[in-house]
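Novice: build me a model from this:
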Amino acid sequence: MTTKLTRIAFVFLLTLSTLSLGQTLQSLKHQPPDGAGIGYLLTDGTVMFQGGQCSDWWKLTPDNTGSYVNGTWSQLESLPNGYDPLYFAGAVLADGRVVIMGGEYSGCGQSFSLTNQGAIYNPATNKWSTMTHPKDWGNIGDSPSVVLPDGTYMLGDKLTKEAAALDPKTLEWTVVPTTGKRDFNAEEGWTLLPDGTFVTYDVRAAPHAERYIPSQSEWITAGSTIVDLHSPHPGGGCIPYPGGCYKAPGEVGPGMLLPDGKVFATGSYTGNNGAGHTAIYTPPSTLTGEGKWVVGPDFPNSDNAGDSFAVLLPSGVELIEADSGTLYDWNGTTLTQDPVSGGYAPILVLPNGQVFMSGFNASVYTPKGTYQASWAPKITAHPKTVTPGSTYKISGQQFNGLSQAASFGDEDETATNYPLVRITNTATGHVFYAKTHDHSTMGVATGTATVYTYFDVPSGIETGASTLVVVANGIPSKSVSITVQ
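Specialist: Here you go, the predicted structure:
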């Protein structure tokens with residue numbers, strides 16, 4: 001747990017970086033007033049971040065050219081009184097609200113509490129509301145969670161094998177069966193797969209991996225990762241918390257679904273001269289199949305990725321922050337050090353394909369390379385004329401991207417697999433994001449299936465001829481022409 005407390009100081013106190021040809025790094029013109037911790041991409045193109053007090057939240061709004069580097073900050077409502085968590089589960093729901101649950105530490109890092117508190121944020125009203133916890137759950141802490149394709153938010157109980165599902169319409173929890181779970185949920189991460197299941201590689205039961213099938217409420221084996229991806233906790237023994245004694249099982253690194261359909265799983269310190277192992281998972285072709293693992297390369301420089309951020313760049317390259325702070329690129333074949341030097345935490349991919357790098361010296365990383373045309377969303381039906389303040393439906397394919405596009409290992413989930421709508425006025429070139437909501441799916445890699453979302457045309461949008469794109473994970477569709485009247 002000391003590792004994590006060191007990390008939060010490290011993330012907030014970032015240093016300058018060496019720029020390179022290809023990749024570039026730009027400091028924000030306006031720095032966050034109270035630091036920028038964990039962040040969530042809202043469905044209107046703005047980004048909300050936890051501030052340095054942990055209960056305070058701030059919003060970054062891009063300028064009228066769509067630039068986040070030149071964006072401006074505004075303060076959002078603070079969390080309900082008495083809830084100031086550090087390291088928690090969270091997600092953006094299909095209706096655009098943001099839910100956070102638990103917290104490894106309370107008091108913004110002062111006490112190891114594994115709190116069962118939670119809250120939900122409504123961007124439309126700028127209000128946080130207290131969330132109830134699943135029945136009889138005394139602790140949540142830094143738990144794994146995921147939004148399922150049907151919009152259900154699923155949360156693991158850190159200290160047991162239990163899980164609960166949140167109905168986003170009623171905000172009621174249901175404890176769901178977890179038959180077959182081999183290991184407790186602590187320190188695991190859940191990676192959503194195209195078939196609606198999710199995979200994890202165990203910490204305490206390493207090198208075993210398992211996959212959850214929501215339609216059957218059952219865990220099944222996903223085979224062995226072959227190499228051990230977890231690290232023993234350096235402190236060992238008991239970490240006291242209000243409910244008892246937590247025996248930390250160690251850490252693993254982030255797991256990312258890539259455009260080729262495989263999952264790149266990264267390891268924490270394994271004793272191999274400090275280097276973390278990696279493994280590559282090919283999901284099965286059948287719902288109840290096991291899939292196949294092969295060994296990937298060890299991290300260079302005796303590095304590792306325990307409890308670290310990773311994002312999927314539009315080019316299909318995964319950008320991984322190692323425990324040393326060094327950035328690495330995984331292109332599907334090789335794992336190499338990124339030319340931008342260490343000291344930055346890649347929190348999430350922005351709608352323009354850049355990456356937000358969090359901290360007091362917050363920056364935006366512009367990657368090199370581009371996406372393949374087949375990865376982009378495709379619009380098949382859209383309104384030709386729209387009116388400010390009105391709501392419209394737009395349909396097509398692959399609106400949610402090919403991946404959740406973000407991972408941390410266990411908590412601090414910042415997935416961006418949902419569609420955004422960006423409208424650009426032809427005459428002025430000014431950019432406007434229309435808030436999307438009630439997406440037909442929250443799945444990934446939905447292929448040729450027809451999907452849809454609704455978007456609210458901003459009341460302040462400029463009128464006249466415009467173009468519209470659907471964006472997922474920083475990748476835009478081909479533009480279509482519309483008229484704002």
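
Novice: can you give me the helices for this protein?
Specialist: Taking DSSP state H as the criterion, the chain contains helices spanning 2-12.

Novice: give me the below-cutoff pLDDT ranges for it.
Specialist: 1-21, 234-236, 359-360 (pLDDT under 70).

Novice: separation between the spatially most central residue of it and residue 39?
Specialist: Computing the C-alpha centroid of the chain and ranking residues by Cα atoms, centre = their mean puts residue 414 first, at 2.2 Å. As judged by Cβ to Cβ, to the nearest Å, residue 414 and residue 39 stand 6 Å apart. (Glycine included, C-beta is placed from N, CA and C.)

Novice: common neighbours of the two, please.
Specialist: Common neighbours of residue 414 and residue 39 (criterion: Cβ atoms under 8 Å, 6 or more residues apart in numbering): 347-348.

Novice: circling back: pull the contacting residues for the residue nearest to the centre of the chain.
Specialist: 38-41, 90, 347-348, 406, 408.

Novice: burial measure for residue 74, as a count.
Specialist: Using other Cβ atoms under 10 Å, residue 74 is surrounded by 12 other residues.

Novice: again, but for residue 180
Specialist: By the criterion of other Cβ under 10 Å, residue 180 has 16 neighbours.

Novice: how about it: what's its closest non-neighbour residue?
Specialist: residue 219 (3.9 Å; Cβ to Cβ, 6 or more residues apart in numbering).

Novice: beta partners for the one you found?
Specialist: Legend: beta-bridge partners of residue 219 under DSSP bridges are residue 212.

Novice: residue 183 is in contact with that one, correct?
Specialist: No. Between residue 219 and residue 183 there is no contact under Cβ atoms under 8 Å: 9.4 Å.

Novice: as a check, name the ranges of all strands in the stretch 151-300 of the chain.
Specialist: Counting by DSSP state E, counting those that start in this stretch, the stretch 151-300 of the chain has these strands, from start to end: 153-156, 163-167, 172-176, 191-192, 198-201, 208-213, 218-224, 239-241, 244-246, 255-257, 263-272, 275-282, 292-295.

Novice: which strands and helices sit next to the fourth one?
Specialist: What that stands for is strand 191-192. strand 198-201, strand 255-257 (3 or more Cβ pairs under 8 Å, 6 or more residues apart in numbering; DSSP states H and E).

Novice: possible to save those as a markdown table with mean neighbour count?
Specialist: Shown next, in a markdown table, are the helices and strands packed on strand 191-192 (neighbours: other Cβ atoms under 10 Å):
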| stretch | mean neighbour count |
| --- | --- |
| strand 198-201 | 25 |
| strand 255-257 | 26 |
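
Novice: ok, which of those comes nearest residue 134?
Specialist: Comparing those by their distance to residue 134 (Cβ to Cβ), the top pick is strand 198-201, with 18.3 Å.

Novice: restricting to C-alpha, output the closest one in PDB.
Specialist: The C-alpha coordinates for strand 198-201 follow below in PDB (Å, rounded to 0.1, in the frame of the first residue of the first chain):
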ATOM      1  CA  PHE A 198     -14.700 -10.400 -19.100                       C
ATOM      2  CA  VAL A 199     -11.300 -12.000 -18.300                       C
ATOM      3  CA  THR A 200      -9.000 -11.600 -15.300                       C
ATOM      4  CA  TYR A 201      -5.700 -13.000 -14.300                       C
END
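
Novice: partner strands of it, with direction?
Specialist: Counting by DSSP bridges, strand 198-201 is paired with strand 191-192 (antiparallel), strand 208-213 (antiparallel).

Novice: and for residue 219 and residue 183, which residues touch both?
Specialist: Taking Cβ under 8 Å, 6+ apart as the criterion, residue 219 and residue 183 both touch residue 210.

Novice: sorry, back to before: out of the strands of the stretch 151-300 of the chain, which is closest to residue 358?
Specialist: Of all those, it is strand 255-257 that lies closest to residue 358, at 18.2 Å by Cβ to Cβ.

Novice: which strands or helices does that closest one pack on?
Specialist: By 3+ Cβ pairs under 8 Å, 6+ apart, strand 255-257 packs against strand 191-192, strand 198-201, strand 263-272, strand 310-312.

Novice: go again with 6 Å.
Specialist: Contacts defined by 3 or more Cβ pairs under 6 Å, 6 or more residues apart in numbering; DSSP states H and E place strand 255-257 against strand 263-272.

Novice: list the contacts of the strand it packs on.
Specialist: Applying Cβ atoms under 6 Å, 6 or more residues apart in numbering, the contact partners of strand 263-272 are 191, 201, 228-229, 231, 251-258, 276-281, 304-306, 318, 330.

Novice: repeat for stretch 382-402
Specialist: 259, 375, 377-381, 417-419, 443-446, 448, 450-452, 454-457, 459, 461, 470, 472-473, 480, 482-485.

Novice: buried subset of those?
Specialist: For those, a burial check counting by 16 or more other Cβ atoms under 10 Å picks out 259, 375, 377-379, 417-419, 443-446, 451-452, 454-457, 461, 470, 472-473, 480, 482, 484.
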